[in-house]
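>>> Attaching a predicted model along with its sequence, questions to come.
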Amino acid sequence: MSTLKADKNLGLAGEECEEITSKGAGYRGELLKASGIKKSFVTGSVVSEVLKGVDFSLKEGEFVAILGESGSGKSTFLYIAAGIDTPTEGSVRLLGKDLSEISDKQLAEMRRRDFSFVYQFDNLVPNLTVLENVTLPLVLDGRKESEYGERVDEILTYLGLGDRKNNFPRQLSGGEQQRAAIARALVTSPKIIFLDEPTGSLDKERGRQVMELLKDINQTRGVTLIMVTHSEAHAAYATRTVRMEDGRLVG
Ligand SMILES: Nc1ncnc2c1ncn2[C@@H]1O[C@H](COP(=O)(O)OP(=O)(O)OP(=O)(O)O)[C@@H](O)[C@H]1O
Ligand SMILES: [Mg+2]
């Protein structure tokens with residue numbers, strides 16, 4: 001699909017901007033560091049230890065794929081790495097900040113400006129159009145349409161959604177919904193995008209297109225990506241693959 005091809009003028013996280021923020025923030029190229037992450041869930045009297053000591057480091061510019069069996073704790077780890085859930089033990093440094101030391105407000109601000117999350121399920125707000133869904137993080141951040149309108153249009157075109165922006169999510173195919181979720185993740189020019197099975201509900205061809213797109217976002221925009229997938233073929237698009245095995249990340 002030609003609309004998924006590279007367009008270097010979108011104003012996403014560019015190299016210049018990476019340099020300045022990276023130096024200023026003091027994380028020296030290591031965007032994420034998770035150390036000794038343990039997570040247990042208690043259901044009634046049953047305690048299940050899902051993560052048993054995960055150590056993981058994500059460098060600027062990487063595209064890391066996380067593989068692992070269903071129920072192995074991949075989503076749980078991604079939520080903890082992005083500050084959506086908290087670990088039972090261990091620490092996460094995201095963009096130079098220890099997530100246990102920052103306020104909810106600071107974390108919310110980082111989520112609006114510095115990183116994005118594409119969920120495994122229920123990505124879009126059903127009663128908002130594609131355009132409203134995609135611009136939601138910008139609206140919540142108090143940005144003006146005059147600042148972002150043109151760039152959002154460019155991103156929607158880049159993702160092949162130029163003619164779908166006034167549709168509601170239920171009027172879109174699964175692939176279009178996933179691409180709309182990726183568009184929403186991109187509009188804030190994040191340094192990192194966390195993606196939980198972005199191709200999970202797609203057929204082979206749509207899945208391949210989304211992977212090509214992610215590879216392009218990583219290579220030409222320099223956006224660092226961390227993606228959970230079940231597919232070895234999709235993991236091959238990444239620059240590095242790790243596996244969730246017995247509550248730890250290996251590889
Ligand atoms: N809030 C919760 N309460 C209790 N158990 C939970 C909770 N969240 C996750 N779990 C359990 O933790 C384990 C890991 O779940 P998780 O969603 O991280 O797996 P996953 O590797 O992402 O699986 P899948 O590939 O199917 O998405 C599962 O056994 C799940 O049932
Ligand atoms: Mg999962």
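Arrived safely. Ligands and ions are numbered 1, 2, ... in the order given.

>>> pretty sure Arg111 contacts Gly83?
Yes - using C-beta atoms under 8 Å, Arg111 is in contact with Gly83, at 7.4 Å. C-beta: built from backbone N, CA, C; applies to glycine.

>>> Write out the residues of the stretch 101-250 of the chain neighbouring ligand 1.
With C-beta under 6 Å from any ligand atom as the criterion, the stretch 101-250 of the chain meets ligand 1 at residues Gln120.

>>> So which residues of the stretch 101-250 of the chain form helices?
104-113, 130-140, 145-158, 174-186, 204-221, 232-235 (DSSP state H, counting those that start in this stretch).

>>> Which of the residues in the third one are classified as buried?
The reference is to helix 145-158. 148, 151-152, 154-158 (16 or more other C-beta atoms under 10 Å).

>>> cool, and the fifth one?
Of the residues in helix 204-221, those buried under the neighbour-count criterion (16+ other C-beta under 10 Å) are 206-207, 209-211, 213-218, 221.

>>> If you count contacts, what does it end up packed against?
Judged by 3 or more C-beta pairs under 8 Å, 6 or more residues apart in numbering; DSSP states H and E, the packing partners of helix 204-221 are strand 63-68, helix 174-186, strand 224-228.

>>> mind listing what's buried in stretch 76-93?
Buried residues in stretch 76-93, counting neighbours by 16+ other C-beta under 10 Å, are found at 76-83, 87, 90, 92-93.

>>> List just the nearest of those to Ser100.
Val92 (7.6 Å; C-beta to C-beta).

>>> secondary structure class for the closest one?
Following DSSP: H, G, I helix; E, B strand; the rest coil, the label given to Val92 is strand.

>>> Just list the residues touching the closest residue to it other than its chain neighbours, thanks.
Nearest residue to Val92 in three dimensions, chain neighbours excluded: Leu99, at 4.6 Å (C-beta to C-beta, 6 or more residues apart in numbering). By C-beta atoms under 8 Å, 6 or more residues apart in numbering, the contact list for Leu99 reads 83, 86, 91-93, 107.

>>> Quick one: the helices of the stretch 101-250 of the chain as JSON lines, columns for mean pLDDT too.
Shown next, in JSON lines, are those (pLDDT from 0 to 100):
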{"stretch": "helix 104-113", "mean pLDDT": "92"}
{"stretch": "helix 130-140", "mean pLDDT": "95"}
{"stretch": "helix 145-158", "mean pLDDT": "91"}
{"stretch": "helix 174-186", "mean pLDDT": "90"}
{"stretch": "helix 204-221", "mean pLDDT": "89"}
{"stretch": "helix 232-235", "mean pLDDT": "94"}
